[in-house]
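Enquirer: below: sequence and its predicted model.
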Amino acid sequence: MVVPQQRIKLRSGPDGLLFFDRQSGINILVDEIKVPLEKWSKAPRQISVALTNICDLSCSHCYAPKDTSEIDFEKLLTWLKILDSNHCLGIGFGGGEPTLYPRFLELCKSIQNETNLAITMTTHGHTLYGSFLEKLSKKMHFIRISMDGVDSTYEAIRKRPFSQLLQRMASLKGLIPFGINYMVNTATIKDLDRAIEIAESLEAREFLLLPEEPVGKGKAIDSQTKYILQEWINNYSGKVRLSISERHSENLLTCIPLVLEKGLNAYAHIDAKGILKRTSFDLHGIKIQDADIMGALDILKRRPEETMT
């Protein structure tokens, strides 16, 4: 079934009325209007989904489980339609490596045709070439490429040629808008200036800083590296828009337009086993039963946050 495509999608919440265009990515917030609680949109503004835990890389900091779990296609599509009807704005695919999900292109096509959700993904980028990329370009609104350091730093972590990654990102230029996810630790902090130069030359839309987390094989970013990162941000004058993970935004000057829409009103995660969580780093969550994703969301909202990690 093909649903009527809305040029502009409307979401209501504690900050007012938000108008969103998935093609351009434009957001317009009308904060003069105070929306009563009972009129707030029920679904999170954004949902991330780990389509599969399978990945063909084995990075030293990876937090994702190492198993063969993958999410059921029909169940996921049903959940996304329900979230769409409850004013969720976008879906972000991850993993594992999302492009290794067996029906990935079919899933993106179905979401494009049957919902009004914006489609994004986070990928290592090495599968983005040839006919796959050409087909994907008509279905994907934004891509986030993981880049941990440059040159030998990247190759030591990812065990793939950095020159190949540059080729893959260059192929996106003018085809699909993209940003760079940059994992920050003691090894990668020294490459930040060069990474920004590359991001600017390839016309990346965003540079997302992700201080390493102590999850899976990852280790928490140390205090010295975090201090160097904060000083680097304070002195940043590049052209690419900077952003940083919410967990590490304290003591930094950030622009948060939706200051009142927090927690599960703003974001939720579905893992490859079909478990709804507050974040992808959480160890526990609520199993989604059949089509009842909104029921699972209600249960999760009632659980104290500290019991879920």
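Expert: Yes, it's here. Residues are numbered from 1 along each chain as shown.
Enquirer: quick one: low-confidence residue ranges for the protein.
Expert: 1-6, 248-256, 306-309 (pLDDT under 70).
Enquirer: now do 80
Expert: Counting by pLDDT under 80, the chain contains low-confidence ranges at 1-7, 60-66, 215-218, 246-257, 305-309.
Enquirer: can you tell me how far the residue nearest the centre of it sits from P161?
Expert: By Cα atoms, centre = their mean, the chain has its centre lying nearest to G92, at 4.8 Å. Between G92 and P161 the distance is 27 Å, computed by Cβ to Cβ, to the nearest Å. Any C-beta I mention is one placed from the backbone N, CA and C, and that applies to glycine too.
Enquirer: wait, isn't F178 in contact with M169?
Expert: Yes - under the criterion of Cβ atoms under 8 Å, F178 makes contact with M169 at 6.9 Å.
Enquirer: shared neighbours, those two?
Expert: 145, 204 (Cβ atoms under 8 Å, 6 or more residues apart in numbering).
Enquirer: need the three-state assignment for H61.
Expert: The three-state label given to H61 by DSSP: H, G, I helix; E, B strand; the rest coil is coil.
Enquirer: brain fart, K135
Expert: Of the three states, K135 takes helix under three-state DSSP.
Enquirer: hmm, M121 and the residue nearest to the centre of the chain touching each other?
Expert: Yes - at 6.5 Å, G92 counts as touching M121 under the criterion of Cβ under 8 Å.
Enquirer: which neighbours do those two share?
Expert: Joint contacts of G92 and M121 (Cβ under 8 Å, 6+ apart) are R144.
Enquirer: now do the strands in the stretch 51-200 of the chain.
Expert: 90-94, 118-123, 142-146, 178-184 (DSSP state E, counting those that start in this stretch).
Enquirer: isn't I8 up against F20?
Expert: Yes - judged on Cβ under 8 Å, I8 makes contact with F20 at a distance of 6.9 Å.
Enquirer: who's more crowded, the two?
Expert: Higher neighbour count among I8 and F20: F20, with 21 against 11, using other Cβ atoms under 10 Å.
Enquirer: using TSV, lay out the strands of the stretch 51-200 of the chain together with distance to D72.
Expert: Formatted as TSV, those follow (distance: least, Cβ to Cβ, whole Å):
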stretch	distance to D72
strand 90-94	15
strand 118-123	18
strand 142-146	24
strand 178-184	27
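Enquirer: stretch 189-199: which residues count as buried?
Expert: 189, 191-192, 195-196, 198-199 (16 or more other Cβ atoms under 10 Å).
Enquirer: with stretch 19-31 instead?
Expert: Neighbour-count burial for stretch 19-31, counted by 16+ other Cβ under 10 Å, picks out 20, 22, 29.
Enquirer: tell me what the last one is bridged to.
Expert: Per DSSP bridges, the residues bridged to L29 are L18.
Enquirer: can you report phi and psi for the residue nearest to T78 when sequence neighbours are not counted?
Expert: Counting by Cβ to Cβ, 6 or more residues apart in numbering, A291 is the residue found nearest to T78 once chain neighbours are left out, at 5.0 Å. Dihedral angles phi and psi of A291 (degrees, to the nearest 10) take the values phi -100, psi 10.
Enquirer: right, and A291 touches L80 too?
Expert: No - here A291 does not reach L80: they are 11.0 Å apart, not a contact under Cβ under 8 Å.
Enquirer: more neighbours: the two, which one.
Expert: Set side by side, A291 and L80 show more neighbours around L80, with 23 against 13, by other Cβ under 10 Å.
Enquirer: having no further points to raise, I will conclude here.
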